[in-house]
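[1] Show me how the following folds:
(2 chains)
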Amino acid sequence: MENTAPSTNVIEVLSLTRRYGALIAVDHLNFSVASGTTFGLLGPNGAGKSTLIKMLTTLLPPSEGTAKISGFDLVQHPELVRKKIGYVSQMLSADGDLTGYENLLISAKLYGMPRSERSTRIAQALEFMDLAHVSGKLVGQYSGGMIRRLEIAQSMLHRPSVLFMDEPSVGLDPSAKRSVWERIGELRREFGTTILMTTHDMEEADHLCDMVAVMHRGVLAAMDTPAALKAQVGAEASLDDVFIHFTGAAISEGGELKDVARTRITSQRLG
Amino acid sequence: MSLAHESHLNVWAEPFPGANYLRQTMAVAEADIRKLIHDPVELFTRMVQPVLWLLIFGQVFNRARAIPTGGISYLDFMAPGILAQSVLFGAIFYGISLIWERDLGIVQKYLVSPAPRSTLVLGRAISSTVRSLCQMVFVYLLSYILHIQLRFGIFALAGVVLSVMLGSAIFSTFSLIIACLVKSRERFMGIGQVLTMPLFFASNAIYPLSLMPAWLRVVSKVNPLSYQVDALRTLMIVGSTTSFGLGKDFLMQFVAFAVVVVVATKLYPTIVI
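    Numbering: from 1, shown residues only, chains lettered A, B, ... in the order given. Below is the predicted model:
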């Protein structure tokens, strides 16, 4: 079951497809992500980004194709894939009715962490994310930036090889956003974690990502380093220009009602 | 602060086979129980319904003496039915929390963890039993005040605890199934209300099977609530006799629980699709 062959690609997406009736949300995608890098997925609402992340995190079975995460096949061994990944959803998945410490404790137990290991890792995670002083408070009383940091701490507690982040900075003020970016950068440096993130924030993609793919109507319209993509579009081009060039739409356009509603709910909860 | 020296492996030896499964199941239950400790208001609001049934409905029908109760007072006959009812009413709406947590992204977090799906279902069933046991303590107190002829033997009490836990686990897991099928809070509330009364009235909770028309008796005999009530009545009330036999009562409850757990485990991941 374990892929022992040496590979620098920790994510390999192989003709991955998802259909909803006649609609093809993700259309035979093929790409790979090198170990230890941060991969940004851009695209308008409805492009298929969230469907792709749902499949890669085993929340949604593919209609066709597969992917390998840390060498494990997504379709054949989803339970092994789950041991290797962490997930920060666009919605605020930290439980507001529990304290920060309790959120981490429950996560640690779900990952089968024994008592001896739990206390050390939780203490370290709280310190690392600068949350130790509020660990006993209910998460419902946290600021948006603190909740996001707690979620990243939760998703990293078991030291996953790959971290999936769905719009990690949506709804955050500039200062909280910077703080979250710093922590993401530190995680990469400390653990060599491979990160696959979706974002609508071009500054975020530029700041954090080694590679960027622009997704449009279920396929990858472009994929390269941010610098190379900008160079393709023009000498003075920004990632905003890249986005518009490859999708033919401004960022603020489009989006299904449910996508917009979800983003608004997240923003409201972040205060 | 450097954490890089730590092992990146996340596989830990189990102290005994199944330890991880148990830990994951209890983690799901623990999350819910901790929330209940932070905000226990729900436990108090749940006390209203049994008070109304026992103090108003029970007192009136106790005087009417219109229902054959096998030599015990109607209030004695009814008290186990009201305990079962309060367990049922509490558990049948339990699934709405799954829809709520799905909307917040919390369920997704559990589903991407390596915890087997059955632990997510069993953990929720266990947490629902904690609420029901609190109900049980309250109904016993109320029954004692109303001079209902309670049995306090250790085996009788243990049997009542087991039956309350099983009943709660069955109906809360059934509620998860409904949540996974209907997926929205509005639809869930509608279906929950439609199901609750038929489950209650098509059982022996407030009248014996002998009073029912033949067709209702058939429905009642496939309703797990009837077996829970029969077990509770036999174990809770002095002088009460069993209709089905205690062995069959518990067997049917265990079978019903096994069935709903298997179905809920299959459906659980679909709540996020």
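
[2] Only C-alpha atoms from now on, for both contacts and neighbour counts.
    Fine.

[3] number of nearby residues for the residue in the stretch 151-271 of chain A that chain B sits nearest to?
    Nearest to chain B in the stretch 151-271 of chain A, going by CA to the nearest CA, is A:Glu190, at a distance of 5.1 Å. Using other CA atoms under 10 Å in any protein chain shown, A:Glu190 is surrounded by 15 other residues.

[4] Let me know the pLDDT of it.
    The model reports A:Glu190 with a pLDDT of 87.

[5] ok, so what distance separates it from A:Pro174?
    Note on A:Glu190: its distance to A:Pro174, by CA to CA, to the nearest Å, is 24 Å.

[6] Whether stretch A:196-207 contacts chain B - can you check?
    No. Using CA under 8 Å from any CA of the partner chain, stretch A:196-207 stays clear of chain B, with a minimum separation of 15.2 Å.

[7] I meant to write stretch A:35-53 there.
    No. Shown here: stretch A:35-53 not in contact with chain B (CA under 8 Å from any CA), separated by at least 9.7 Å.

[8] Return the alpha-carbon coordinates of that stretch using PDB.
    Extracted as PDB, the C-alpha positions of stretch A:35-53 are listed here (Å, rounded to 0.1, in the frame of the first residue of the first chain):
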ATOM      1  CA  SER A  35       7.100  18.400  -1.700                       C
ATOM      2  CA  GLY A  36       7.600  21.300   0.600                       C
ATOM      3  CA  THR A  37       6.100  23.900  -1.700                       C
ATOM      4  CA  THR A  38       3.000  26.100  -1.500                       C
ATOM      5  CA  PHE A  39       0.600  25.700  -4.400                       C
ATOM      6  CA  GLY A  40      -2.000  28.300  -5.000                       C
ATOM      7  CA  LEU A  41      -5.300  27.600  -6.700                       C
ATOM      8  CA  LEU A  42      -6.900  30.700  -8.200                       C
ATOM      9  CA  GLY A  43     -10.200  31.000 -10.100                       C
ATOM     10  CA  PRO A  44     -13.600  32.600 -10.000                       C
ATOM     11  CA  ASN A  45     -16.400  31.200  -7.800                       C
ATOM     12  CA  GLY A  46     -17.800  28.100  -9.500                       C
ATOM     13  CA  ALA A  47     -14.500  27.300 -11.200                       C
ATOM     14  CA  GLY A  48     -14.300  23.900  -9.400                       C
ATOM     15  CA  LYS A  49     -11.700  24.800  -6.700                       C
ATOM     16  CA  SER A  50     -13.800  23.800  -3.700                       C
ATOM     17  CA  THR A  51     -14.900  20.600  -5.500                       C
ATOM     18  CA  LEU A  52     -11.300  19.800  -6.100                       C
ATOM     19  CA  ILE A  53     -10.300  20.400  -2.500                       C
END
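
[9] That one - what's its average pLDDT?
    Here stretch A:35-53 scores 94 as its mean pLDDT.

[10] And for stretch B:92-102?
    Per-residue pLDDT over stretch B:92-102 has a mean of 95.

[11] Give me the most central residue, the chain.
    I'll assume chain A. With distances taken as CA atoms, centre = their mean, A:Met165 lies nearest the centre of chain A, 1.3 Å away.

[12] You answered for a different chain; I wanted chain B.
    Note: chain B centre (CA atoms, centre = their mean) maps to B:Ser168, 1.0 Å.

[13] Show me which positions of whichever helix or strand it is part of end up buried.
    In this structure, B:Ser168 sits in helix B:154-182 according to DSSP states H and E. Residues of helix B:154-182 classed as buried: B:156-157, B:159-182 (neighbour count, 16 or more other CA atoms under 10 Å in any protein chain shown).

[14] which helices and strands sit right next to the helix or strand of chain B with the lowest mean pLDDT?
    Across the helices and strands of chain B, mean confidence by mean pLDDT, DSSP states H and E is lowest for helix B:59-64: a mean of 83. Secondary-structure packing of helix B:59-64 (3 or more CA pairs under 8 Å, 6 or more residues apart in numbering or on different chains; DSSP states H and E): helix B:74-92.

[15] And the next helix or strand past the helix it packs on?
    Helix B:74-92 is succeeded, C-terminally, by helix B:96-104 (DSSP H and E).

[16] what's next to that next one, contact-wise?
    With CA atoms under 8 Å, 6 or more residues apart in numbering or on different chains as the test, helix B:96-104 has contacts from A:91-93, B:107-108, B:175-176, B:179, B:183-185, B:188-189, B:271-272.

[17] And for stretch B:87-94?
    B:46, B:128, B:132, B:135, B:164, B:167-169, B:171-172, B:174-176, B:189, B:192, B:196.

[18] Could you give the separation of that stretch from the chain centroid?
    Stretch B:87-94 has its C-alpha centroid displaced from the chain centroid by 6 Å (CA atoms, centre = their mean, to the nearest Å).

[19] show me the contacts for A:Leu104.
    Contacts here follow CA under 8 Å, 6+ apart; on that basis A:Leu104 touches A:122, A:153-154, A:157.

[20] mind checking pLDDT for it?
    At A:Leu104, the model reports a pLDDT of 98.

[21] That one belongs to a strand, doesn't it?
    No. Counting by DSSP: H, G, I helix; E, B strand; the rest coil, one finds A:Leu104 to be helix, located in no strand.

[22] For it, give its distance to A:Leu163.
    17 Å.

[23] filter the contacts of A:Leu104 down to the ones near chain B?
    Among these, proximity to chain B is found for none (CA under 8 Å from any CA).

[24] Could you list the contact residues of chain A toward chain B?
    Taking CA under 8 Å from any CA, the part of chain A that reaches chain B is made up of A:57-60, A:79-80, A:82-83, A:85-95, A:97-98, A:102, A:106, A:109-114, A:128, A:158-160, A:190-191.

[25] So which of those are in helices?
    Counting by DSSP state H, the residues of chain A next to chain B place A:79-80, A:82-83, A:102, A:106, A:109-110, A:128, A:190-191 in helices.

[26] which two of those residues lie the greatest distance from each other?
    Spatial extent of these (CA to CA) is set by the pair A:Glu79 and A:Phe128 at 28.5 Å.

[27] residue boundaries of the helices in chain A?
    Going by DSSP H, chain A shows helices at A:49-56, A:78-84, A:100-110, A:115-128, A:144-156, A:174-191, A:202-208, A:226-233, A:239-247, A:257-270.

[28] Average pLDDT for the second one, rounded please.
    Per-residue confidence for helix A:78-84 averages out to 95 on the pLDDT scale.

[29] So which elements touch that helix?
    Secondary-structure packing of helix A:78-84 (3+ CA pairs under 8 Å, 6+ apart): strand A:72-73.
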